[in-house]
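**Q** Here you go, sequence then predicted model.
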Amino acid sequence: MFELFIWDLDNTVIGSSRLLWGAFQWVAERFAGRPMTPQDIVGLYGPPEDVVIEQIVGQEEKRTRPCGHSTSSTSKNTIAS
């Protein structure tokens, strides 16, 4: 009998790529002012998400700007799919 099960749900049982890609696109558009292509996003695979976010928006931007803040009066607080 097994005492512990370890299961990788991410894209094994749960198709989370669309959510992840949408989140990266939202962050890039909102905080870096640019869109990301699927190739851009795939190029960021590997490091943890906090490192990837820093690569998208820059270290200083990541440290100084809270998520609720926007530099654009037309920005929305929702993730577009």
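**A** Sure, I can see it.

**Q** Count residues in the vicinity of the nearest residue to residue 17 once chain neighbours are set aside, would you?
**A** Distances taken as C-beta to C-beta, 6 or more residues apart in numbering put residue 11 closest to residue 17, at 5.9 Å, once the chain neighbours are dropped. Bear in mind the C-beta positions are built from the backbone N, C-alpha and C, glycine included. Residue 11: 10 surrounding residues under other C-beta atoms under 10 Å.

**Q** pLDDT wise, what is residue 11 at?
**A** Looking at residue 11, its pLDDT stands at 73.

**Q** Quick check: it vs residue 31, distance?
**A** Counting by C-beta to C-beta, to the nearest Å, the gap between residue 11 and residue 31 amounts to 25 Å.

**Q** give me phi/psi at residue 45?
**A** phi -60, psi 140 (degrees, to the nearest 10).

**Q** got it, and residue 23?
**A** According to degrees, to the nearest 10, residue 23 has phi -70, psi -40.

**Q** Likewise for residue 14?
**A** phi -110, psi 120.
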